[in-house]
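Student: Need coordinates for the below:
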Amino acid sequence: MSNPTEQELADAGLLLHREGPVATITLHRPEVRNAQTPTMWRLLAAVGEQLVADDDVRVVVLRGSGSAFSAGLDRTMLDPAGAGDGVETVAALLAQSDEQVSATIDDYQRGFTWLRDPRILSIAAVHGYAIGAGFQLALSCDLRVLAEDAQLCMKEAALGLVPDLTGTKPLVEAVGYARALEICVSARMVGAAEALRIGLALEVVPVEALDQTVAALVAALTSAAPEAVRETKALMLSAAAAPLEEQRRLEREAQGRRFRALAGG
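Tutor: Numbering: from 1, shown residues only. Predicted coordinates:
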């Protein structure tokens, strides 16, 4: 997809603001607590492709307008007749073959996976509800700063579904298998204090301090050399799965590249 226009983003409930090395994406459907749609996911993927290819962008902040980060999937997307003519719905998956369903969901997932790209650092600034797809969008970010009123929930099991927007891996990585399984299968709410205690949140702050806290974090993250940050994120991403010998090799090679770059070679 080509770079979406400001109007296309607005029509899908997204706002994009660039200021120096920081891009802020705001979910902007406050009347439905920023409920998400397939169109939104496709445009998030297009915006992500644009941002990670821009060497000037170092940090991406995700936030929500109004009273919530995101209440998850817009329920009208589950009704074949509920969204209006020409609107892509999740219900349309029922008419597709298994291969088509997989390919379509793969497209949706791309709206989330780019946030893990080593070329950028991503922060979710979460207030109010982050449910289902909203929780998974926050989980896609490298760092999560929560307001004290944040409520996280993986709601899919209660609807007879599974988390399919790439949230399972970062959830297990953050809290471990047993707690992740319990959170998903019970579909219970996880409050901000618990999220901090079990490793889902980097920091929890009063609602009125969320913007200031995120701004200070962004300033800290942009203070180091860009290429060193990108190399470090890549190393962190590989650390859990790579055997020690492989990780040692990756560290050596990354450091070699940094030495050469600093020496002007």
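
Student: who's in contact with C141?
Tutor: Residues in contact with C141, defined by Cβ atoms under 8 Å, 6 or more residues apart in numbering, are 62, 115, 122-124. C-betas here are computed from N, CA, C, even on glycine.

Student: By neighbours, which of those wins?
Tutor: Most neighbours among the contacts of C141, by other Cβ atoms under 10 Å: A124, with 29 neighbours.

Student: which residues sit against whichever strand or helix holds that one?
Tutor: Assigned by DSSP states H and E, A124 belongs to strand 121-126. For strand 121-126, the external contacting residues (Cβ under 8 Å, 6+ apart) are 58-64, 69, 115-116, 130, 137-138, 140-147, 150, 152, 201, 210-211, 214, 217-218, 221, 229, 233.

Student: Nearest to L14 among the contacts of C141?
Tutor: Among those, L62 lies closest to L14 (Cβ to Cβ), at 10.4 Å.

Student: Report pLDDT for the closest one.
Tutor: With respect to pLDDT, L62 has a value of 98.

Student: For the stretch 101-250 of the chain, give me the ranges with low pLDDT.
Tutor: Nowhere does the stretch 101-250 of the chain drop to pLDDT under 70.

Student: need the helices for it, in chain order.
Tutor: 133-140, 168-175, 177-186, 192-198, 210-221, 226-239, 244-262 (DSSP state H, counting those that start in this stretch).

Student: distance between the third one and the chain's centre?
Tutor: In this view, helix 177-186 has its centroid 20 Å away from the chain centroid, taken as Cα atoms, centre = their mean, to the nearest Å.

Student: now swap in the second one and tell me
Tutor: A distance of 13 Å separates the centroid of the chain from that of helix 168-175, by Cα atoms, centre = their mean.

Student: next one: the fifth one
Tutor: Using Cα atoms, centre = their mean, the mean C-alpha position of helix 210-221 is found 17 Å from that of the whole chain.

Student: neighbouring contacts of that helix?
Tutor: Helix 210-221 is touched from outside by 22, 58-59, 61, 63, 121, 123, 125, 127, 143, 145, 147, 202-203, 205, 229, with contacts defined as Cβ under 8 Å, 6+ apart.

Student: Need the buried ones from the contacts of strand 121-126 selected in PyMOL.
Tutor: Provided next is the PyMOL selection string for whichever of those are buried by 16 or more other Cβ atoms under 10 Å:
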select buried, resi 58+59+60+61+62+63+64+69+115+116+130+137+138+140+141+142+143+144+145+146+147+150+152+201+210+211+214+217+218+221+229+233
